[in-house]
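K.L.:
Turn this into a structure:
(chains A and B)
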Protein chains: 2
Amino acid sequence: MLQSQTKVQDSPMPQATKTAILVIGGAEDKVHGKEILHTFWTRSGGDDSIIGIIPSASREPVLIGERYQRIFEDMGSKYIKVLDIRDRSQGEDPQFQEYVEECTGIFLTGGDQLRLCGLLADTPLMERIRQRVQLGEITLAGTSAGAAVMGHHMIAGGSSGESPNRPLVDMAMGLGLIPEVIVDQHFHNRNRMSRLLSAISIYPERLGIGIDEDTCAMFERDGIIRVIGKGTVAIVDARAMSYTNQAEVTVNEPLSLHNLKLHILSHSDLYHLHKHLPIAKNA
Amino acid sequence: MLQSQTKVQDSPMPQATKTAILVIGGAEDKVHGKEILHTFWTRSGGDDSIIGIIPSASREPVLIGERYQRIFEDMGSKYIKVLDIRDRSQGEDPQFQEYVEECTGIFLTGGDQLRLCGLLADTPLMERIRQRVQLGEITLAGTSAGAAVMGHHMIAGGSSGESPNRPLVDMAMGLGLIPEVIVDQHFHNRNRMSRLLSAISIYPERLGIGIDEDTCAMFERDGIIRVIGKGTVAIVDARAMSYTNQAEVTVNEPLSLHNLKLHILSHSDLYHLHKHLPIAKNA
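P.N.:
The predicted structure is shown next:
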């Protein structure tokens, strides 16, 4: 692998080729500056990247797969493959497995996060992707449904326009790529504070991450979250929550959550995932 | 005044006749239990109440005035007057002024908060109402636009569905009945976290209070906020905010706000306005 050799030679790696996990709030710019997609492409190795696109969240995997393929081709990638997985048995497909061994970047498209998890969770292919991501060998990006699956716990669906309440949010198991977070996307755009709060009331030890459209929380290998794109990333930290009635409320009763921390981060702001501290862009 | 005499005799006043300021998130129940309106009625003296309804926020003041008049009549009030102020000069009307001297409860309806402030702010009538509220002689309630005007700073309008940003919110001067807060209403219902955060980024020393529909933050005279109704009251406390880019951002750039406190309060929860502390309902 050309890319791997380059990486081994350059030590420490230049910022541009450091791997990362890009968690994208959906509706990322695909036409103009393409800042987020370009960052994914650069972090995947740029011209030397070998990219796998997994469109399995979508019911139109061919269309959506081709769209991203064209974008990364235009940026200069010579090796791109759409891993059009429509059946769990494909998670053992030797051809796919071989490609994942070569990959430098994996992109999970939007669609339905339950569909994506249903097809991918616990397959040998997904396990190998997770392993290579954790070893820092692959840059991973997920947008919208592809972002929702990042945590151990996943927001599978829900409603909006209501006070935080238990049935407002449907929880499921995610792919666990960043186990300590619960991600919500299209965040301020689709009025999802209430459903993220409802999720966090159940799992207050997880960090709630609400990502706006065309915005990305990029998780670096050293535990730093870096914000890219045109909106904000909201971080809900309930570790010091002093009270919730979550365990007592009857269906549809509103939730109490006392003493949460809330950070609104915008472009170039950082957040220490382990120290639980935001860092201003000019600090 | 019968009510005033009763008050003087009963010392300390029973809870039911203690005056308060009821800040209502709009769309309060007017048909079934009417919990919030009934609390206003009780706190205004119940059967002995003398109620003034100010429908001036609305462009249909007669209709809306009559609707509330009928509700409080049905509850048992014998003295109700709609103070249908459509011109600032009416803020000096001796008949209205005389009625305000007798009143035990004033209710501000919904509509447009700029219209309400334009007609009432700094008139002798409004000044006298404020004085009597501050002396604890009158219970005051405001719903929707009538809630928005409570602070010194007021959210006059804005948009939703975007990341927090400076032009998302239009600020104006409120009636200053509870100067230390900035109120937003129809809160989770209309996706207004972003606009409240945008307002708070400009005035971080004020407490952001986001009130859901059919929900009330009742401000007691001792500085306790009590939550009534079917939704939640969100409290955004930015006093310890470590960073905002509010002063630097160009138009439409998203805002950063680091280290906010957020409390979600539901029915029967309390909040110490001066100690800045939430108290669980069962504490």
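
K.L.:
quick one, phi psi at A:H32?
P.N.:
phi -100, psi -110 (degrees, to the nearest 10).

K.L.:
separation between it and A:S49?
P.N.:
A:H32 is 21 Å from A:S49, where distance means Cβ to Cβ, to the nearest Å. The C-beta positions use only the backbone N, C-alpha and C, and glycine is treated the same way.

K.L.:
Could you do A:M173 as well?
P.N.:
30 Å.

K.L.:
returning to what we had before: more neighbours, A:H32 and A:S49?
P.N.:
The residue with more neighbours, out of A:H32 and A:S49, is A:S49; 24 against 6, by other Cβ atoms under 10 Å in any protein chain shown.

K.L.:
what are the ranges of the helices in the stretch 1-150 of chain A?
P.N.:
Using DSSP state H, counting those that start in this stretch, the helices of the stretch 1-150 of chain A run over residues A:2-9, A:35-43, A:61-75, A:94-102, A:113-120, A:124-134, A:145-148.

K.L.:
A:H188 is in contact with B:S194, isn't it?
P.N.:
Yes - in this structure, A:H188 is within contact of B:S194 by Cβ atoms under 8 Å, at 4.7 Å.

K.L.:
Could you export the helices of the stretch 1-150 of chain A to TSV, including columns for mean neighbour count, distance to chain B and mean pLDDT?
P.N.:
Output for the helices of the stretch 1-150 of chain A, formatted as TSV (neighbours: other Cβ atoms under 10 Å in any protein chain shown; distance: least, Cβ to the nearest Cβ, whole Å; pLDDT from 0 to 100):
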stretch	mean neighbour count	distance to chain B	mean pLDDT
helix A:2-9	14	33	40
helix A:35-43	22	14	98
helix A:61-75	16	24	98
helix A:94-102	14	35	97
helix A:113-120	21	22	98
helix A:124-134	17	28	97
helix A:145-148	28	16	98
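
K.L.:
Turn those into TSV, including distance to A:I53.
P.N.:
What follows is the helices of the stretch 1-150 of chain A, written out as TSV (distance: least, Cβ to Cβ, whole Å):
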stretch	distance to A:I53
helix A:2-9	17
helix A:35-43	11
helix A:61-75	5
helix A:94-102	11
helix A:113-120	13
helix A:124-134	13
helix A:145-148	10
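
K.L.:
Need the residues touching each of A:H188 and B:S194.
P.N.:
B:G161, B:E162, B:S163, B:P164 (Cβ atoms under 8 Å, 6 or more residues apart in numbering or on different chains).

K.L.:
Who are the contact partners of the second one?
P.N.:
Shown in contact with B:E162 (Cβ under 8 Å, 6+ apart): A:H188, A:N189, A:G231, B:L168, B:S194.

K.L.:
touching chain B at all, stretch A:17-34?
P.N.:
No - Stretch A:17-34 lies out of reach of chain B by Cβ under 8 Å from any Cβ of the partner chain, never closer than 9.6 Å.

K.L.:
model confidence over that stretch, on average?
P.N.:
Stretch A:17-34 carries an average pLDDT of 96.

K.L.:
show me the contacts for A:D84.
P.N.:
Counting by Cβ under 8 Å, 6+ apart, A:D84 touches A:P55, A:S56, A:P61, A:V62, A:G65.

K.L.:
And for A:D170?
P.N.:
A:I155, A:A156, A:G157, A:G158.

K.L.:
what bridges to the first one?
P.N.:
Read that as A:I155. A:M171 (DSSP bridges).

K.L.:
Is A:E205 located within a strand, as I assumed?
P.N.:
No - going by DSSP: H, G, I helix; E, B strand; the rest coil, the assignment for A:E205 is coil, not a strand.

K.L.:
Tell me the spacing between it and chain B.
P.N.:
17 Å (Cβ to the nearest Cβ, to the nearest Å).
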